[in-house]
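K.L.:
Model the following, please.
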Amino acid sequence: MSRPLLPLKAGAIVFTLLWTAWMMWWSGSFSSADVVILALCGAAVGYLWYRAMRWQFERMGMLPRKDDSAGAS
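P.N.:
Take a look at the predicted model:
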């Protein structure tokens, strides 16, 4: 089941990196505390984006639902 999710995971990683880089550039501060805080926030935003896109794609029928694989056994 991880094969259909590979592009979604890659997209989430790219989104996380771009969001974090944008926030660092926008804040203008590159102190170590700011970098750590923005990296943690970027990871949280990337994870939430991944969960939202996965939910939306499952809802649209573009991905198999989690409960469909359990019923096949």
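
K.L.:
could you say what helices and strands whichever helix in the chain runs longest packs with?
P.N.:
In the chain, assigned by DSSP state H, the helix with the most residues is helix 32-60. In terms of contacts (3 or more C-beta pairs under 8 Å, 6 or more residues apart in numbering; DSSP states H and E), helix 32-60 is packed against helix 2-27. For glycine as for every other residue, the C-beta is placed from the backbone atoms N, C-alpha and C.

K.L.:
in the helix it packs on, what counts as buried?
P.N.:
Of the residues in helix 2-27, 8, 12, 15-16, 19-20, 23-24 count as buried by neighbour count, 16 or more other C-beta atoms under 10 Å.

K.L.:
For the nearest residue to Met23 once chain neighbours are set aside, list the residues it contacts.
P.N.:
In space, and not counting its chain neighbours, Met23 is closest to Leu38: 5.1 Å by C-beta to C-beta, 6 or more residues apart in numbering. By C-beta atoms under 8 Å, 6 or more residues apart in numbering, the contact list for Leu38 reads 20, 23-24, 27.

K.L.:
coming back round to it: including distance to Trp49, could the buried residues of helix 2-27 go into JSON lines?
P.N.:
Output for the buried residues of helix 2-27, formatted as JSON lines (distance: C-beta to C-beta, whole Å):
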{"residue": "Leu8", "distance to Trp49": "10"}
{"residue": "Ala12", "distance to Trp49": "6"}
{"residue": "Phe15", "distance to Trp49": "5"}
{"residue": "Thr16", "distance to Trp49": "8"}
{"residue": "Trp19", "distance to Trp49": "8"}
{"residue": "Thr20", "distance to Trp49": "12"}
{"residue": "Met23", "distance to Trp49": "14"}
{"residue": "Met24", "distance to Trp49": "18"}
